[in-house]
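Peer 1: Sequence first, predicted coordinates after that:
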Amino acid sequence: MKLRLNILLLAALQSTAALTLIGCGGANSTGEAGADGSVSLEEAERRRWRAIDQVAPTVTIGRSLPAGSGMVGLTGQATDNMRLYRVKWANSRGGSGTAALDGNNTAATWSAASIQLQTGSNTITVTAEDAAGNESRATTVLTRADAPAPAPAPAPAPAPAPAPAPAPAPAPAPAPAPAPAPAPAPAPAPAPAPAPAPAPSPVGSITNPILFATQVPTFQDFASRASTFGNHRASSDRVARGGDLMIRYPDGSLRNLTKEAGFGTAIAVREPSVHWNGSKALFSMVVDGSGSSTWQIYEVSGLAKGAAVSITKLANQPAAYNNISPLYAASDERVLFTSDRPRGGEAHLYPQLDEYESTPTVTGIWSLNPATGALNILNHTPSGAFSPTIDSWGRVIFTRWDHLQRDQQAGGEFGAFNLTDESAAAGRLGHSEVFPEPRTASSSVFGPVAGYTNNLFTPWQMNDDGTDEETLNHVGRQEMGFGYIPRSFTSDPNLSDLSDSSFILNKKTIRFDGGIYHVKEDPVRRGTYYGVYAREFGSLSTDQIVSFTGTLNMNPEQMVFKDFTNASNSGGRFRNPLPLSDGKFIATHTPATSATPNSMGDMRLKQLTPDANGIWAPGPSLTGGITRAGASALLWELEAVEVVARTRPTRSAPALETPEKSIFTEEAVDEAALRTWLKTNDLAMIVTRNQTSRDRGDNAQPYNLQVPGGVRTVSPKGGKVYDISHFQIIQADQVRGYTLVPGRRSIGQPLHDAKARNPANPGGPAGSVKIAADGSTAAFVPARRALAWQTTDAAGNPVVRERVWVTMQPGEVRVCASCHGVNSKDQAGGAAPTNKPEALRELLRSWKSLPK
C-alpha cells in the first residue's frame, strides 16, 4: 500500500500474521501532467527509492480462470528485492486495470478477477512495478472463439400507468444577488460516437428524475476514486477517464448531460448535488487537456426533459487544488465543498497528510461565494471530511475520519521529523510528540498507561457557517462502538476496558476500523438517516446499508443504528443510499458479496424493496446497464441524487445560555463587541462550566475528579480521586514531515497562537489556563484550526484527554457544560452543570484590560 505496506497493514490487521497488499497504483513511470501535484508527489517518492534500488521486480503469469460473459481471471506471482508496489494488466484489444495483491512487500500473489476478452486473440500484458518505478512484464495470449450474443429483442412496452396527479409547483426561490458571469468551461475535445443508450426501464415507477455519475471502474482500493479515504486525487491511475453526468427520467429514459454539453471522453465526473429549487445542480469534474487536471466544480442547468443543457465552471474556486463534494448552502448562495487546499493556503504545506496512512487528504469543508470570491475553511480536519449533505434542520452532516493519535510512521523507514513551525523555511527537529498518550504502553505518575489508537469514520454535524461542529448530536464511541474501549490508566480498578451499554438503546456496534459513509436523511421520515457501514479497506466504500436516528438535539443514549439491508451481504453490497421524496429507496448495488474490489465491476442503480422482516433487498437495474462506446464492460453508476425542489431549512443563530449571559451582564461586557474583536483577531472562545463533571457512560478515563480547594465530583462507587488544576489546549500544527513522502502531517502542540492572549497561568503547562474553584475554564483559542485539550494536575501531568479534534469559527463562543459532556447524568448521578462559570468572569476582566 503505497510504499508502506508492512507498517500500515500491520496496524490495520493488528494481530493477523499474514500481510495483505492492496493494489493501489501510483503515477505511471512516464509521468502524467497533473496540476494537482499528484505526479510530483509520486516522482519525489520514487527518486528516493531509485537512489537505493535499480533492480526490476519479477512477474509470472499462472492460471487463467473463466469469469463468464467473455471475461477471464488471471493469477500469478510477483517479487521484488526491496518493495513491490503494484501489478497492472492491459489487454491489446482494450481494457486495463490494477491487480489485487496478497503477500508481503517482496513476494506476492497477484490476481485480476475480471478481464474482458474480445472475439479472437487478446494479448494480455502484466506489468510488475516496484517503489522505485522499475518494471518488468510478462504476456500471455488468450483467445475468445465465440461471437458476442446478439442483443435480445426489446421487451414489449408495458401498458402505460395512469398519470399521477401533478404535484403543486413549489414557490419560486428568491433570486440571488447578481453574480459575475461564470467562467466558461474549457473547450473540450470532440466526443466520439456515443454508445447506444440502454432501452428505457420504467421499473420502479420512480416519481422524479435521478441525476448520477458514471465511472469507468477503478478497482484499486487505496486512495482512489471509490476509496473510503484519499479519494480526492485526480490522476488517471486513481480515477479512470470516461464517465459522464447522467440523468434518468421517470419514464426510464436516459440522457448524457456532459456529452450533450460537448465534453469528450477524457473526463471523470462525481457527486452531483441539486439546488433547493430543483432547477440546477453542482458536480465535480476533471477535464484532461483543459489546462488543469484537478477536480473542479461545475454547475449544470437544463435538467428538464427536452431542455437545452448548460454546464459552466464555478467562478473563483481554488484552481490548483481538488474541489469535490459540492453542495449549495442552506442560508445563502454560497457553495460548500471539500478541498485539499492547505488550511491557510500555504503551498509549501501541500499536501496535508492524514494521521493514519500519512496519505494526502482533503483539509476540510470549505465555503465559497462565487460572486465575491470569499473563501473560508469551515472545519480543519487533520484526516479528512467526506460526503457532506444538509439535513432538514439545516445542519451540514458529513463523515469524518477520526484518529487524534500519535504517528505510526514515526521512527520507521519514512524518516519522520518535526519542523520548528509551519513556515517554508522552518528548521528540522527530532520526531517527538506530546499529545495524546503513546500508541504503545507507557508509564505515568498515575501508573501504567495503555497504548492509545483511534480509527473511526464518524457522522458529524455543524452549521453551514462552520459553527457548533461536533459529532452528530454529540454521539461518541461509547454509543456507537460500545464494548471494548481500553482504559487509560490500567492500574486504576475504577476504570474499565468495557463500556457500560446499559444506558443506551443502540445494540448494533460500529467497529473501530471502519464506520458510516455516504449519509443521507430520509425526506419522508425526518430525523432518520441512512449510511453505508463499511470497513476502511477492501470495500470501495460498499457494504451494508444501516439506518439510524438523529433528530435535532436527540440524546445520544437514544440514538439507534439498525440493519437496513442484510448484515451478511448475502444479496450483494451497497453504496450511496438514496431515500426518495415519494417514499421509495434506491442505491448503487453490486452483486459481489466479499470485500474484493476486483469483483465489483457491476455497480448499478437499483430500487430496493423490503421483505417480510423489514430488511431491504435490491430489485432490477434502473438503467439496464451503461457502457462506453466500443466497449462491453459496464460503467459504475454512483452518487445518485433526486432532482426535486426542497424546502430550504432555516436555523436561528446560536445564543448564549443564561449562565454565560449573566456573566457578560455582570461584567458589563458587550457580547457583540467581544465577538467582533474575536473575528478581527481570528479567534474563538471556549468555555466549560465544570471540568470535574463527566458523562456516566465514559469509564475509560478518570471520572472521580476534584479541583484542589474547590469542586469535587465523585462516583458513588468511590475509588481513586484525581486532582485537576490546569486546562491545556492543543492545536493541530502541520509540522511533521518525512524524508520519503512529500507533504506535512498535523501533530498536537501546546497552544502557542500569539493572538490568543489568555490570562497568565504561572506554574501551569504550556498553552494552559487555570481551572477555577468551581471547575470552570475559559480561554481564547485560534479559529479555523483543529483543536483538542486535556486536564492536568498541578505538575502538568495529563489526567483526562479529549479524543477528537474540533474546529471553531472566528467570533464563536463555544460552551461545554462538562468534559465529557453529560447526556443524561454525570458520574455522580447529577445533571449537566448550570453554574455561572467563574473562569469566564476572569477572562472577560482580563480582556477589558487588553489594548483594542
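Peer 2: Structure received. Numbering: from 1, shown residues only.
Peer 1: Look up the closest residue to the residue nearest the centre of the chain, ignoring the ones flanking it.
Peer 2: Taking CA atoms, centre = their mean as the criterion, Phe386 is the residue nearest the geometric centre of the chain, at 2.9 Å. Once its chain neighbours are removed from consideration, Phe386 has its nearest residue in Thr399; the separation is 4.6 Å (CB to CB, 6 or more residues apart in numbering). The way it works is simple: take the backbone N, C-alpha and C, and place the C-beta from them, glycine included.
Peer 1: Confirm for me that the one you found is in contact with Thr389.
Peer 2: No. Taking contacts as CB atoms under 8 Å, Thr399 lies outside contact range of Thr389: 10.0 Å.
Peer 1: Need the residues touching each of those two.
Peer 2: By the contact definition CB atoms under 8 Å, 6 or more residues apart in numbering, Thr399 and Thr389 are jointly contacted by Val519.
Peer 1: Counting neighbours, go ahead and name the busier of those two.
Peer 2: For the pair Thr399 and Thr389, the greater number of neighbours falls to Thr399 (26 against 19), based on other CB atoms under 10 Å.
Peer 1: what kind of secondary structure is that one in?
Peer 2: Secondary structure for Thr399, judged by DSSP: H, G, I helix; E, B strand; the rest coil, is strand.
Peer 1: Could you measure from it over to Ile485?
Peer 2: When CB to CB, to the nearest Å is the yardstick, Thr399 and Ile485 sit 20 Å from each other.
Peer 1: Could you do Glu838 as well?
Peer 2: When Glu838 is compared with Ile485 (using CB to CB), they lie 33 Å apart.
Peer 1: All the helices of the stretch 701-850 of the chain, residue numbers only.
Peer 2: Listed in chain order, the helices found in the stretch 701-850 of the chain under DSSP state H, counting those that start in this stretch are 838-848.
Peer 1: Okay, now the unreliable bits of this structure?
Peer 2: When the per-residue scores of the chain are filtered using pLDDT under 70, the ranges that remain are 1-51, 66-69, 113, 146-204, 291.
Peer 1: Looking at it, which strand is longest?
Peer 2: Ordering each strand of the chain by length in residues (DSSP state E) puts strand 726-738 first.
Peer 1: quick one: that strand to chain centroid distance?
Peer 2: On the basis of CA atoms, centre = their mean, to the nearest Å, strand 726-738 is displaced by 21 Å from the centre of the chain it belongs to.
Peer 1: what's the answer for stretch 360-371, then?
Peer 2: Distance of stretch 360-371 from the chain centroid (CA atoms, centre = their mean) equals 13 Å.
Peer 1: can you tell me the distance between the two ends of that stretch?
Peer 2: Stretch 360-371 has an end-to-end distance of 30 Å (CA to CA, to the nearest Å).
Peer 1: Likewise for stretch 734-749?
Peer 2: Across its full length, stretch 734-749 reaches 10 Å between end residues, using CA to CA.
Peer 1: Tell me the buried residues in it?
Peer 2: Neighbour-count burial for stretch 734-749, with 16 or more other CB atoms under 10 Å as criterion, is recorded at 734-738, 740-749.
Peer 1: same question, stretch 549-564
Peer 2: Buried residues in stretch 549-564, defined by neighbour count with 16+ other CB under 10 Å: 549-551, 554-559, 561, 563-564.
Peer 1: of the residues you listed, closest to Thr228?
Peer 2: Within the set of the buried residues of stretch 549-564, Phe561 lies nearest Thr228; the separation is 17.9 Å, counting by CB to CB.
Peer 1: Let me know whether the closest one touches Gln544 as I believe.
Peer 2: No. The pair Phe561 and Gln544 does not pass the contact test of CB under 8 Å, sitting 10.7 Å apart.
Peer 1: Now list whatever residues contact both of these two.
Peer 2: Shared contacts of Phe561 and Gln544, counting by CB under 8 Å, 6+ apart, come down to Tyr533.
Peer 1: All the strands of the stretch 101-250 of the chain, residue numbers only.
Peer 2: Listed in chain order, the strands found in the stretch 101-250 of the chain under DSSP state E, counting those that start in this stretch are 107-116, 120-130, 135-144, 210-215, 245-248.
Peer 1: mind checking how far Glu433 is from Arg745?
Peer 2: To Arg745, Glu433 is 11 Å away according to CB to CB.
Peer 1: who touches both of these two?
Peer 2: By CB under 8 Å, 6+ apart, the residues touching both Glu433 and Arg745 are Asp407.
Peer 1: hmm, back to that, I'd like to know which of the strands of the stretch 101-250 of the chain is closest to Gly427.
Peer 2: For those, proximity to Gly427 was assessed by CB to CB; strand 120-130 is nearest, at 33.2 Å.
Peer 1: now for that closest one, which elements pack on it?
Peer 2: Strand 120-130 is packed against strand 58-68, strand 71-79, strand 84-91, strand 107-116, strand 135-144, with contacts defined by 3 or more CB pairs under 8 Å, 6 or more residues apart in numbering; DSSP states H and E.
Peer 1: Can I get these in TSV including mean neighbour count and distance to Val524?
Peer 2: As requested, those are exported to TSV (neighbours: other CB atoms under 10 Å; distance: least, CB to CB, whole Å):
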stretch	mean neighbour count	distance to Val524
strand 58-68	14	39
strand 71-79	20	40
strand 84-91	24	45
strand 107-116	22	38
strand 135-144	14	48
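Peer 1: on that earlier part again, out of the strands of the stretch 101-250 of the chain, nearest to Gly763?
Peer 2: Checked against CB to CB, the stretch from those lying closest is strand 120-130, at 54.8 Å.
Peer 1: ok, and for the closest one, which residues are buried?
Peer 2: So for strand 120-130, counting by 16+ other CB under 10 Å, buried means 122, 124, 126-130.
Peer 1: mind listing what that strand pairs with, with the direction of each?
Peer 2: Strands that pair with strand 120-130, judged by DSSP bridges, come out as strand 84-91 (antiparallel), strand 135-144 (antiparallel).
Peer 1: Do I have it right that Pro708 meets Ala794?
Peer 2: Yes. Here Pro708 lies in contact with Ala794, judged by CB under 8 Å, at a distance of 6.9 Å.
Peer 1: Need the residues touching each of these two.
Peer 2: What both Pro708 and Ala794 touch, as defined by CB under 8 Å, 6+ apart, is the set 723, 725.
Peer 1: circling back: which ones among the buried residues of stretch 549-564 map onto strands?
Peer 2: The strands in this structure, assigned by DSSP E, contain 549, 561, 563 from these.
Peer 1: which of these lies closest to Asp251?
Peer 2: Within those, distances to Asp251 taken as CB to CB reach their minimum at Asp563, with 33.4 Å.
Peer 1: so who does that closest one touch?
Peer 2: Asp563 sits in contact with 508, 544, 546, 615, where contact means CB under 8 Å, 6+ apart.
Peer 1: again with Trp295
Peer 2: With contacts defined as CB under 8 Å, 6+ apart, the neighbours of Trp295 are 36, 232, 234, 270, 284-286, 322-324.
Peer 1: separation between Thr647 and Arg334?
Peer 2: Going from Thr647 to Arg334 by CB to CB gives 19 Å.
Peer 1: In terms of neighbours, single out the busier of the two.
Peer 2: When Thr647 and Arg334 are compared on other CB under 10 Å, the one with more neighbours turns out to be Arg334, at 22 against 10.
Peer 1: In the protein, what residue spans correspond to helices?
Peer 2: 5-13, 38-50, 257-260, 477-480, 658-666, 671-680, 838-848 (DSSP state H).
Peer 1: As a quick check, tell me the outermost residue of this protein.
Peer 2: Across the chain, with CA atoms, centre = their mean, the residue at the greatest distance from the centre is Ala145 (45.6 Å).
Peer 1: contacting residues for it?
Peer 2: Ala145 sits next to Thr119 when contact means CB under 8 Å, 6+ apart.
Peer 1: What of Thr228?
Peer 2: Contact criterion CB under 8 Å, 6+ apart gives 386, 457, 514, 517, 534-537, 539, 541 as the residues in contact with Thr228.
Peer 1: would you list every one of the strands in the stretch 301-450 of the chain?
Peer 2: Along the stretch 301-450 of the chain, the segments classed as strands by DSSP E, counting those that start in this stretch run 310-313, 323-328, 335-339, 352-353, 364-368, 375-380, 385-390, 396-402, 416-418, 442-444, 447-449.
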